[in-house]
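Peer 1: Need a 3D model of the following:
(chains A and B)
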There are 2 protein chains.
Amino acid sequence: MKTIKNVAKKIKPYIHETPILTSTLLNEIVGCNMFFKCENFQKIGAFKMRGATNAILNLSEEQKDKGVVTHSSGNFAQALSLAANNLGVTAYIVMPSSAPKVKIDAVKGYGGEVTICLPTLKDRETNAERISIENGATFIHPSNNLDVIKGQGTAAFELLEKYSNLDAIFTPVGGGGLVAGTILAVQQRLPNCKIYGGEPENADDAFRSLKSGRIETNKTADTIADGLKTQLGDINFPIIRNGIEEIVLVTEDQILSALKLIWSRLKIVIEPSSAVAFAALINKSSDLNSKNIGVILSGGNVNLDNITF
Amino acid sequence: MKTIKNVAKKIKPYIHETPILTSTLLNEIVGCNMFFKCENFQKIGAFKMRGATNAILNLSEEQKDKGVVTHSSGNFAQALSLAANNLGVTAYIVMPSSAPKVKIDAVKGYGGEVTICLPTLKDRETNAERISIENGATFIHPSNNLDVIKGQGTAAFELLEKYSNLDAIFTPVGGGGLVAGTILAVQQRLPNCKIYGGEPENADDAFRSLKSGRIETNKTADTIADGLKTQLGDINFPIIRNGIEEIVLVTEDQILSALKLIWSRLKIVIEPSSAVAFAALINKSSDLNSKNIGVILSGGNVNLDNITF
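Peer 2: Okay, the predicted model is just below:
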């Protein structure tokens, strides 16, 4: 199996090595020493650029010639479009008609060939499959694809390169790609470091999946953390099940409060999904007193009109 | 006269060398190449840490023993408290009873000795003068003090150290310390670079002062850019009058729109006063097509509850 170190080396020319921020004041508030990996400063504004780039780099030349296809209304649509563009590959992006125009325009701006479909998972999958057959394009799943997962793990790898003394790392849990990649990176480099996932109480499919031992779906998804409404997949679930310490649920109030702390104290804009990881850490802080903790701030693509403190 | 380069060297151990951010997308939107000097990441969250530190460093040992005093409800109160604390000097801070508790607590947290007064300029001045006489403390004005002004100029100095090809620099204009310091730094290092000030239409005292040739006061100060309600002083006004290219007025809508662009595109939190400089640049952008422009983002201390896009 290719190590995450090799993946990091391979994708390095196409991504930003994002900064790691610290704050004495936040450390005092939370009671541990925190290292925030700022993927909000990543290209397209989120960690997904890492996985998308790695997935395309691992295609054969013949596959690259025929292009890639995915369905996404969010960050992965932009990430795959830009990563494909950087590598001279065509990206076909299926987006639901409910996607904001600004996001559709962004994907087109990165060179993605957009197909608008009905806002249902079934219609998204049907369209992606049709395009895949028509063009011979390779389907790249946003989170349930081993090369995508390994790519996402390079954020934690960069964090461990700078801080090799971390006791734990927190990530948000949505489709499972970031947390699974983080687990792989940590297992290969610092196996005693524990991985915690943060998940909204209102979209707790991963929490329940760990309990039941099978992939559960969300019954509700009424959360401000709109990037975390997706469910785990058969490739990332076994990795997560094997490697995670705990999934910590957080309320909507806790997400908003964590978001406000990061914006006001670190002076950076992160999206609500990122605040879920920090909120989870705050919930567990009494167990982690004075420990060294990494937090993956996954992205910064937020509709400011929707945020009111 | 001591050069700003010497000042920069002197205060370096006590301040952050703040990052300079760029954005291809923002450059495309505005039509010039912009270099954002991010003083929102400065200690206490604003450039005022520079001037406060320099002012204290230039006191005699006898003066340092007796302490410093200022009146401020905002960033300078925190800056002088922390700068004094770093240098083992007592800081007496007069704050109006209208100041938010969180700011008063922050000043106390940095070791400042707080005196609460009535929320009038007269009572602030009376109290500061009384404390100065009682303790022999040196009064440090937040903006109308040459050592403070030179300290503020080090932000532009750092910018020019990295980018020596700037055609212009934009700063906000409030009390006049930042813009005057920027003028001094640029005159010494890159005299052909033009300095523009941004000012809210609703607090346009500096714009009118330049027209009339004497220091004008604000008739209204109904602006979201709460750091820019103060007026120029007899030390900084001649420097500004001599060195500024233009003061560009911006509306409240333009400030909010500029703020949103920075938050959403650069993924950083700046305060509305900082957005005034960027809004002014947007207003002048047709004259500055394809030029290299520095923008001093002065700070990031914003009450998030007050911002609605």
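Peer 1: Going by C-alpha atoms from here, please, whenever you check contacts or count neighbours.
Peer 2: Noted.
Peer 1: Contact residues of the stretch 1-150 of chain A facing chain B?
Peer 2: Contact residues, the stretch 1-150 of chain A versus chain B (CA under 8 Å from any CA of the partner chain): A:40, A:41.
Peer 1: so where's the stretch 1-150 of chain A shaky on pLDDT?
Peer 2: Scanning the stretch 1-150 of chain A for pLDDT under 70 picks out the ranges A:1-2.
Peer 1: quick one: the helices in chain A?
Peer 2: Along chain A, the segments classed as helices by DSSP state H run A:4-11, A:24-30, A:48-57, A:61-66, A:75-86, A:101-109, A:121-135, A:146-162, A:177-189, A:205-212, A:236-243, A:252-261, A:272-283.
Peer 1: tell me which residues in the second one are buried?
Peer 2: Which is helix A:24-30. Going by neighbour count (16 or more other CA atoms under 10 Å in any protein chain shown), the buried part of helix A:24-30 is A:26, A:30.
Peer 1: elements contacting it?
Peer 2: For helix A:24-30, there is no helix or strand it packs on, judged by 3 or more CA pairs under 8 Å, 6 or more residues apart in numbering or on different chains; DSSP states H and E.
Peer 1: which residues touch that helix?
Peer 2: Residues outside helix A:24-30 that contact it (CA atoms under 8 Å, 6 or more residues apart in numbering or on different chains): A:33, A:34, A:265, A:282, A:285.
Peer 1: Can you name the two of these that sit furthest apart?
Peer 2: Taking CA to CA, the two most distant members of the contacts of helix A:24-30 are A:265 and A:285; they sit 18.0 Å apart.
Peer 1: Near chain B, which residues of the stretch 201-309 of chain A are found?
Peer 2: Contacts of the stretch 201-309 of chain A with chain B, taken as CA under 8 Å from any CA, map to A:260, A:263-264, A:266-270, A:300-302, A:304-305, A:307-309.
Peer 1: Tell me the buried residues within these.
Peer 2: With burial judged by 16+ other CA under 10 Å, the buried subset of these is A:260, A:263, A:264, A:266, A:267, A:268, A:269, A:270, A:300, A:301, A:302, A:307.
Peer 1: Including pLDDT, could those residues go into a markdown table?
Peer 2: Conversion of those to a markdown table gives the following (pLDDT from 0 to 100):
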| residue | pLDDT |
| --- | --- |
| A:260 | 97 |
| A:263 | 97 |
| A:264 | 95 |
| A:266 | 97 |
| A:267 | 97 |
| A:268 | 98 |
| A:269 | 97 |
| A:270 | 97 |
| A:300 | 96 |
| A:301 | 93 |
| A:302 | 92 |
| A:307 | 88 |
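Peer 1: Tell me the one of these nearest residue A:62?
Peer 2: The nearest member of these to residue A:62, counting by CA to CA, is residue A:301 at 33.5 Å.
Peer 1: mind listing what that closest one touches?
Peer 2: Residues counted as contacts of residue A:301 (CA under 8 Å, 6+ apart) are A:40, A:45, A:46, A:75, A:270, A:271, B:264.
Peer 1: closest to chain B among the contacts of helix A:24-30?
Peer 2: Nearest to chain B among these is residue A:265, at 8.7 Å by CA to the nearest CA.
Peer 1: what residues are up against the closest one?
Peer 2: Residues in contact with residue A:265, defined by CA under 8 Å, 6+ apart, are A:23, A:25, A:26.
Peer 1: which residues make contact with stretch A:214-232 from outside it?
Peer 2: Here stretch A:214-232 makes contact (CA under 8 Å, 6+ apart) with A:74, A:143-144, A:172-176, A:199-200, A:202-206, A:208-209, A:233-234, A:237, A:252, A:255, A:271-274, A:276.
Peer 1: For that stretch, buried residues please.
Peer 2: A:214-217, A:221, A:223-232.
Peer 1: which residue sits closest to the closest residue to chain B within the stretch 151-300 of chain A, ignoring its sequence neighbours?
Peer 2: Proximity of the stretch 151-300 of chain A to chain B (CA to the nearest CA) peaks at residue A:268, 4.0 Å away. Of all residues not flanking residue A:268 in the chain, residue B:268 sits nearest, at 4.0 Å (CA to CA, 6 or more residues apart in numbering or on different chains).
Peer 1: ok, the one you found touching residue A:267?
Peer 2: Yes. With contact defined as CA atoms under 8 Å, residue B:268 reaches residue A:267; the gap is 5.8 Å.
Peer 1: thinking again about what came up before, need the buried ones from the contacts of stretch A:214-232 selected in ChimeraX.
Peer 2: In ChimeraX, this line selects whichever of these come out buried by 16+ other CA under 10 Å:
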select /A:74,143,144,172,173,174,175,176,199,200,202,203,204,205,206,208,209,233,237,252,255,271,272,273,274,276
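Peer 1: Contact partners for residue A:252?
Peer 2: Listed by CA under 8 Å, 6+ apart, the contact set of residue A:252 reads A:200, A:201, A:202, A:223, A:224.
Peer 1: hmm, 6 Å instead?
Peer 2: With contacts defined as CA atoms under 6 Å, 6 or more residues apart in numbering or on different chains, residue A:252 has no neighbours.
Peer 1: Can you give me the distance of it to residue A:275?
Peer 2: Taking CA to CA, to the nearest Å as the measure, residue A:252 falls 10 Å from residue A:275.
Peer 1: and what of residue A:263?
Peer 2: For residue A:263 relative to residue A:275 (CA to CA), the value is 10 Å.
Peer 1: Give me the neighbour count for the closest residue to residue A:196 other than its chain neighbours.
Peer 2: By the measure of CA to CA, 6+ apart, the closest residue to residue A:196 outside its immediate chain neighbours is residue A:170, 4.8 Å from it. Applying other CA atoms under 10 Å in any protein chain shown, we find 28 residues neighbouring residue A:170.
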